[in-house]
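> A structural model of the following input is requested.
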Amino acid sequence: MATLTVGRVCVKTAGREAGKYCVVLKKIDDTFYMVTGPKVLTGVKRRQCNQEHLEPTEYSLNIKEDESDNAVIAAFDKEGLAKKLGLKKPGAEVVKEAGKKKAKEAKEEKPKKEEKPKKEEEKKPEKKPEKKEKPEKKPAKKEKPKETKKKAGKK
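Now for the predicted structure:
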């Protein structure tokens, strides 16, 4: 059985990505590894994965720890594994768009973090102006209880 090392090609055995190929990018701790497909090539997103959910294959890529998805795709091509494993290589446009989306998301995340304190400040309740005193009302007139009429003629 092959060991889980950086660059090892594995098959995911659990989750929605079960049955798809992925590449180990780094060891996080004793039981978790960072893996990627990359998504445009195999459909597996970059994420951490439990070692029990990975089945190592005999194939390995020559990549560095935490390598980018584009570098992993290039390594698949260099080793010729994309054809061996039956993976369709996406067009250059798709790869570039995926890279642009990640860069755009990274840029958008930074301002959001900076804006959070500002939003919290805005949410603080403003001091309400003091209410004007209402003029005193005159006491309501007391109503006299209704008198019942006694029937005349009966004694």
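
> K27 and G7, how far apart?
The spacing between K27 and G7, counted by Cβ to Cβ, to the nearest Å, is 12 Å. Yep, even glycine has a C-beta here, placed from its N, CA and C like the rest.

> give me the more crowded residue out of those two.
Neighbour totals were compared for K27 and G7, and G7 leads with 18 against 15 (other Cβ atoms under 10 Å).

> distance of the more buried one from R16?
Distance from G7 to R16, by Cβ to Cβ: 24 Å.

> what's the pLDDT at the nearest residue to G7 once chain neighbours are set aside?
Distances taken as Cβ to Cβ, 6 or more residues apart in numbering put L61 closest to G7, at 4.3 Å, once the chain neighbours are dropped. Turning to L61, the model gives it a pLDDT of 94.

> check contacts around L61.
Going by Cβ atoms under 8 Å, 6 or more residues apart in numbering, L61 touches G7, R8, V9, V23, V72, A75, F76, E79, L81.

> try it again at 7 Å.
G7, V9, V23, V72, A75, F76, E79 (Cβ atoms under 7 Å, 6 or more residues apart in numbering).

> how close does it get to R16?
Distance, L61 to R16, using Cβ to Cβ: 24 Å.

> same deal with C10?
Distance, C10 to R16, by Cβ to Cβ: 16 Å.

> could you list the low-confidence segments of the protein?
1-2, 90-155 (pLDDT under 70).

> can you show me the helices along it?
39-42, 69-79, 81-84, 92-123 (DSSP state H).

> quick one, what contacts the nearest residue to A14 once chain neighbours are set aside?
Of all residues not flanking A14 in the chain, H53 sits nearest, at 4.1 Å (Cβ to Cβ, 6+ apart). Going by Cβ under 7 Å, 6+ apart, H53 touches K12, T13, A14, G15.

> against K20, how distant is the third one?
From A14 over to K20 the distance is 11 Å, taken as Cβ to Cβ.

> more neighbours, those two?
Higher neighbour count among A14 and K20: K20, with 17 against 12, using other Cβ under 10 Å.

> could you verify my assumption that the more buried one touches V44?
Yes. In this structure, K20 is within contact of V44 by Cβ atoms under 7 Å, at 5.1 Å.
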